[in-house]
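Chemist: Predicted model and sequence below, questions to follow.
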Amino acid sequence: MKKVKAAADHSNPVISIRGLKKSFEDYAVLRGIDLDLYAGENLVVLGRSGTGKSVLIKIISGLLSPDEGEITVLGHNLAQITEKQLQELRIRIGFSFQNSALYDSMTVRKNLEFPLVRNRKNITKTEINTAVETVLDAVGLSQTINQMPSELSGGQRKRIGIARTLILNPEVMLYDEPTAGLDPITCIEINDLINEVQQRFNTSSIIITHDLTCAKQTGDRIAMLLDGQFQRTGTFDEVFDTTDPRVKPFYDYNFIQ
Amino acid sequence: MDTAESTPTVYKKNSKLKQSVINFFTDLYKINQFIIRFFKEAFVPPFELKEVLRQCFEVGVRSFTLISVTGFIVGVIFTKQSRPSLSEFGATSWLPSLVSIAIMRALAPLVTALIASGKVGSSIGAELGSMRVTEQIDAMEVSGTKPFKFLVCTRVLATTLTIPILATYTGFIAILGGYLNVSQNEGTSWSTFIQQVFEPLTFIDFVASLIKSIVFGFTIGIVGCYQGFNSTKGTEGVGKAANGAVVTAMFLVFIEEVIIVQITSWFR
């Protein structure tokens, strides 16, 4: 299950964050985040619930605004781009939501066609069908094409959610808790899918999770978010080679020893 | 002792009142921003004509049966209830005129708007609220689609265009209900009835009725979308959005009715 891949290009950060701060009312969630995501890399952001992991990727995708800090995504400084540029930039970023966020009123086919039809004005029906079949094949769910989201299992919904983001050929993937609420076998399948997506579609990814199996299987690099800042960054073994009382229990509870 | 206990209560009441006033004006500001955003985005290309037509169909289909039944009943009941008063003066021949004035000037747009507030407004509020809390709106946004334009503008345009059509239909059905009652009791023929129906109506009545329906349609759409689009707090928020859409829209419809009636009376 451990992935084998080429090393990330560390001279070329696709996402660069400096001094990011974000508060909600009086509560400071992010208190000075510095982060680089390099081309071809899977970066896992680990942390307990409520530590601001999802807030971080929502800021990267422009869904939330930061209070302070500089965020550069694919060469664009988010503070300096227009609404139209942000919209164009978003097409290059795939966002896989924690609850998949499939459109309830549409079939799987319509869910997958939606971003394509909205963003590629002159696309033909044949091209749409080919793209839909390709991404469905990539997530191994070709048989669900005419089903409604309510008819899918949790794991299938996650896969279709990922397929929907892949249909626009994104350069960066943001995964919000990809294995949350899934059984262990499905979790491993999703982890494999994340690695497969990275290799097949040549994406760079940020994976938000508190699942250490997911972190270990998918992450080239791990960043541990504690008290609103990245306290430990490195490979999985480097991050957990510590007696830090804030980090150690995290490992112990995940891998029951 | 009494004074010591009553002071905090008064203070609390004042503080609550102050908060309510602040919340009211904050909401008013937000809904104004929402309306301004609608006008900024709705009439700028690319136009979502296909989605607007789909929503028009949805609005029409959702309310059609209920409006047909309600319109008919309103026509029958209004005619039936008005007869005794007119018959006291031997003026039952005025029934068609009375029915037409009441229906065209007030009842048709008002009944349609109230039914649509309940059926369409709540549905829009719940649908968008559910999409908000399940992150479907965020998913649209990150996939390069403008959810406001696709979800809000299309629905508001659909209600604004469809409610006047439904109100006209309600008027027709209500007049039909009135005719059935009049023909049963007075034996009036259809042609005489229709002639008497249109006799008292002026151009201003039709225009006022149309404007009223457009305003009601816009209100129902914008309130439903505002409540749903800004929904928070999970499933509880969805319920609140649906409820808020109905209550606020109905309240505003009555306020608008009073204002428009007052304005049109100046032109008569």
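Modeler: Perfect, thanks for sending it. Residues are numbered from 1 along each chain as shown, chains lettered A, B, ... in the order given.

Chemist: rest of the way, CA atoms for contacts and neighbours
Modeler: Noted.

Chemist: Could you report the pLDDT at the residue nearest in space to the middle of chain B?
Modeler: Compute the mean C-alpha point of chain B, and by C-alpha atoms, centre = their mean the closest residue is B:Ala113, 3.1 Å away. As predicted, B:Ala113 sits at a pLDDT of 95.

Chemist: any idea which helix or strand comes after the host helix or strand of it?
Modeler: Per DSSP states H and E, B:Ala113 falls inside helix B:108-116. Downstream of helix B:108-116, the first helix or strand assigned by DSSP H and E is helix B:122-133.

Chemist: Now do the helix or strand just after that next one: distance to the chain's middle.
Modeler: Note on helix B:122-133: by DSSP H and E, the next helix or strand toward the C-terminus is helix B:136-142. In this view, helix B:136-142 has its centroid 29 Å away from the chain centroid, taken as C-alpha atoms, centre = their mean, to the nearest Å.

Chemist: on that earlier part again, for the helix holding B:Ala113, name the packing helices and strands.
Modeler: helix B:49-88, helix B:154-186, helix B:203-229, helix B:234-267 (3 or more C-alpha pairs under 8 Å, 6 or more residues apart in numbering or on different chains; DSSP states H and E).

Chemist: one more time with 7 Å
Modeler: Applying 3 or more C-alpha pairs under 7 Å, 6 or more residues apart in numbering or on different chains; DSSP states H and E, one finds that helix B:108-116 makes contact with helix B:49-88, helix B:154-186, helix B:203-229.

Chemist: for chain A, longest helix please?
Modeler: Ranked by residue count and defined by DSSP state H, the top helix of chain A is helix A:184-200.

Chemist: Kindly report the residues of the stretch 1-150 of chain B close to chain A.
Modeler: Within reach of chain A by C-alpha under 7 Å from any C-alpha of the partner chain, the stretch 1-150 of chain B has these residues: B:Thr134, B:Glu135, B:Gln136, B:Ala139, B:Val142, B:Ser143, B:Gly144, B:Thr145.

Chemist: Output the longest helix of chain A as PDB, nothing but the C-alphas.
Modeler: Below are the C-alpha coordinates for helix A:184-200, written out as PDB (Å, rounded to 0.1, in the frame of the first residue of the first chain):
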ATOM      1  CA  PRO A 184     -11.000   1.000   7.500                       C
ATOM      2  CA  ILE A 185     -11.000  -0.900   4.200                       C
ATOM      3  CA  THR A 186     -12.700   1.900   2.300                       C
ATOM      4  CA  CYS A 187     -10.200   4.300   4.000                       C
ATOM      5  CA  ILE A 188      -7.300   2.300   2.500                       C
ATOM      6  CA  GLU A 189      -9.000   2.400  -0.900                       C
ATOM      7  CA  ILE A 190      -9.400   6.200  -0.700                       C
ATOM      8  CA  ASN A 191      -5.800   6.500   0.300                       C
ATOM      9  CA  ASP A 192      -4.700   4.500  -2.700                       C
ATOM     10  CA  LEU A 193      -7.000   6.600  -4.900                       C
ATOM     11  CA  ILE A 194      -5.300   9.800  -3.600                       C
ATOM     12  CA  ASN A 195      -1.900   8.400  -4.500                       C
ATOM     13  CA  GLU A 196      -3.200   7.200  -7.900                       C
ATOM     14  CA  VAL A 197      -4.600  10.600  -8.700                       C
ATOM     15  CA  GLN A 198      -1.300  12.200  -7.800                       C
ATOM     16  CA  GLN A 199       0.600   9.900 -10.200                       C
ATOM     17  CA  ARG A 200      -2.000   9.700 -13.000                       C
END
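
Chemist: quick one: contacts for the residue nearest to the centre of chain B?
Modeler: Residues counted as contacts of B:Ala113 (C-alpha atoms under 7 Å, 6 or more residues apart in numbering or on different chains) are B:Phe216.

Chemist: Grab the nearest non-local neighbour of B:Leu49.
Modeler: Among residues not flanking B:Leu49 along the chain, B:Thr154 sits closest, at 8.0 Å (C-alpha to C-alpha, 6 or more residues apart in numbering or on different chains).

Chemist: give me the low-pLDDT residue ranges for chain B?
Modeler: B:1-8, B:10-11 (pLDDT under 70).

Chemist: Now whichever helix or strand comes after the longest helix of chain A: average pLDDT?
Modeler: Sequence-wise, the next helix or strand downstream of helix A:184-200 (DSSP H and E) is strand A:204-209. The predicted model gives strand A:204-209 an average pLDDT of 93.

Chemist: And chain B, what are its domain boundaries?
Modeler: B:1-44, B:49-267 (automatic domain parsing).

Chemist: which one of those domains is the most hemmed in?
Modeler: Greatest average neighbour count among these goes to domain B:49-267 (a mean of 20), per mean count of other C-alpha atoms under 10 Å in any protein chain shown.
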